[in-house]
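> for reference, the sequence and a predicted model appear below.
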Amino acid sequence: MARRRRESQVFSMSFLDCMSCGFGAVILLFMIINAQVRETTEDDPDSRMAETHKLEVEILEGRKNMVLAKNTIENLEAKKESAQGQIDQVLALLAELRAELSKYDNDTLAKVERVESLQSDIETLEAEVQRLLKLAAEQESEGDRIREFDDKGQGSRQYLTGLRLDGKRTLILVDRSASMLDDTIVNIIRRRNMPDADKLRSVKWRQVVASVDWLTAQIRPDTEFQIYMFNNTAEPVIKGSGGTWLTAADGTLLDEAVRVLRGTPPSNGTNMRAAFAVARELKPAPDNIVLFADGLPTMSAPVSNRSTVSSGQRVSLFREAVREIPGNIPVNVLLYPLEGDFEAPILYWAMTFETGGSLISVSRDWP
């Protein structure tokens, strides 16, 4: 019996399974993509709208600022035009005034020149009168002068008033303490540590020596004198002459005293008590004392254990020193400037007033 032929099929069971799986995968992929698109679509609109709103606000603010700036520019332009108009008016007024003043220039200039010429003539005549009076005074006193004072081409600088050198015996006391190195505390401290050659070049000390030089040129030949310099101690300028009076004579001793002072550098503190004690040691007593100083004393003995001296202590030291002055002797003071010593001028004035002397505040350009 013949075998029955099996019919062949185009699609088998395996093929359908593959197709179903592929179709299912396509559907799953579509669903995933669709979910992501929906999520993106749902999130983006709010964020975009907020950003859009922010940009709109910024645009509105920018337009508002632009309008304000435009208005400000217009206001400034208006003010500029107004100011320019005022400037034009002022310039026009100035032009009118110049034109009006020019009419009187010739007459006014001639009058001014005439007045200036007369004023110049008056000043010339006054200067000539002063010169002649000064010359007469110098000629009158020339016979009594025993030495000359070189004022370095400055002319006669003898304009001190109130300082008297009358009497037979004059005692000159010169402060050569460290304060004579400068007017300020800082420079005094700096200079006191310098070599002696630099100290001798100090402007203040050179001025003091020049002042002594000027004063000794006024001493008459028939008088006696003594010059002491003092810092922490007092000593005669001319060695070996302590306690004695020197005669002015031909001026040799005076020249020697000035030379010694020029070569003596300032140093140490100020013992004014020792200086005034000299007046008690000299016999007979001086009838005139001239003191060169710049401030109040800082010590009353050759050695002091104080590192600093207060203002009140300096006043006490000064009063203690003044008690050493013998009675009925005028004390004349040439006071040089010193920073911070405010009580000095008052106390020195009181001392000179009580003794019948004079106080002279020395200017920086004298002698």
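Done, it's in.
> roughly how far apart are residue 351 and residue 241?
When CB to CB, to the nearest Å is the yardstick, residue 351 and residue 241 sit 26 Å from each other. For the C-beta atoms, the positions are set from N, CA and C on the backbone; glycine is no exception.
> so for those two, which residue has more residues nearby?
residue 351 (19 against 16; other CB atoms under 10 Å).
> and residue 190, how far from residue 294?
Distance from residue 190 to residue 294, by CB to CB: 17 Å.
> ditto for residue 237
Residue 237 sits 18 Å away from residue 294, going by CB to CB.
> swap in residue 239?
From residue 239 to residue 294 the distance is 25 Å (CB to CB).
> these two: who's more crowded?
residue 294 (22 against 9).
> so the more buried one is in contact with residue 334, correct?
No: Residue 294 lies out of contact with residue 334 (CB atoms under 8 Å); the separation is 9.4 Å.
> so where is this protein shaky, pLDDT-wise?
Residue ranges of the chain with pLDDT under 70: 1-13, 35-46, 104-108, 135-162, 164.
> could you chop it up by domain?
35-103, 169-361 (automatic domain parsing).
> gap between the last one and the chain center?
The chain centre lies 28 Å from the centre of domain 169-361; the measure is CA atoms, centre = their mean, to the nearest Å.
> for the stretch 51-200 of the chain, which segments count as strands?
169-175 (DSSP state E, counting those that start in this stretch).
> all helices of it, in order?
Under the criterion DSSP state H, counting those that start in this stretch, the stretch 51-200 of the chain contains helices at 105-142, 185-192, 196-200.
> columns mean neighbour count and distance to residue 81 on top of the ones you listed, output as a markdown table?
As requested, the helices of the stretch 51-200 of the chain are arranged in a markdown table below (neighbours: other CB atoms under 10 Å; distance: least, CB to CB, whole Å):
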| stretch | mean neighbour count | distance to residue 81 |
| --- | --- | --- |
| helix 105-142 | 10 | 36 |
| helix 185-192 | 15 | 60 |
| helix 196-200 | 14 | 70 |
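> out of the ones you listed, which is closest to residue 345?
Counting by CB to CB, residue 345 lies closest to helix 185-192 out of those; the figure is 17.4 Å.
> dig out what residue 360 forms beta bridges with.
residue 334 (DSSP bridges).
> next, give phi and psi for the closest residue to residue 171 other than its chain neighbours.
Excluding its sequence neighbours, the residue lying closest to residue 171 (CB to CB, 6 or more residues apart in numbering) is residue 286, at 3.9 Å. As for residue 286, its main-chain torsions (degrees, to the nearest 10) stand at phi -70, psi 150.
> for residue 325, see how far away residue 286 is.
As judged by CB to CB, residue 286 and residue 325 stand 10 Å apart.
> and for those two, which residues touch both?
Residues touching both residue 286 and residue 325 (CB atoms under 8 Å, 6 or more residues apart in numbering) are residue 279.
> more neighbours, those two?
Neighbour count, other CB under 10 Å: between residue 286 and residue 325, residue 286 has more, with 23 against 19.
> contacting residues for that one?
Counting by CB under 8 Å, 6+ apart, the residues that residue 286 touches are 167, 169, 170, 171, 226, 279, 329.
> and these, which is closest to residue 251?
residue 170 (14.1 Å).
> neighbours of the closest one, how many?
26.
> wait, it touches residue 224, no?
Yes: here residue 170 reaches residue 224: they are 7.5 Å apart, a contact under CB under 8 Å.
> can you list residues touching both of those two?
Counting by CB under 8 Å, 6+ apart, nothing touches both residue 170 and residue 224.
> just to revisit the earlier point, buried subset of the contacts of residue 286 as a ChimeraX selection?
To isolate the buried members of the contacts of residue 286 in ChimeraX, using 16 or more other CB atoms under 10 Å:
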select :167,169,170,171,226,279,329
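> roughly how far does residue 50 sit from residue 56?
Residue 50 sits 11 Å away from residue 56, going by CB to CB.
> go on, residue 170?
Taken as CB to CB, the span from residue 170 to residue 56 is 103 Å.
> repeat that for residue 25.
In this view, residue 25 and residue 56 are 47 Å apart by CB to CB.
> look at stretch 246-255 and report the distance between its end residues.
Distance across stretch 246-255, first residue to last, is 13 Å (CA to CA, to the nearest Å).
> and that stretch, which residues are buried?
Buried residues in stretch 246-255 (16+ other CB under 10 Å): 246, 248, 251, 253, 254.
> among those residues, name the ones in strands.
Using DSSP state E, the subset of the buried residues of stretch 246-255 located in strands is residue 246.
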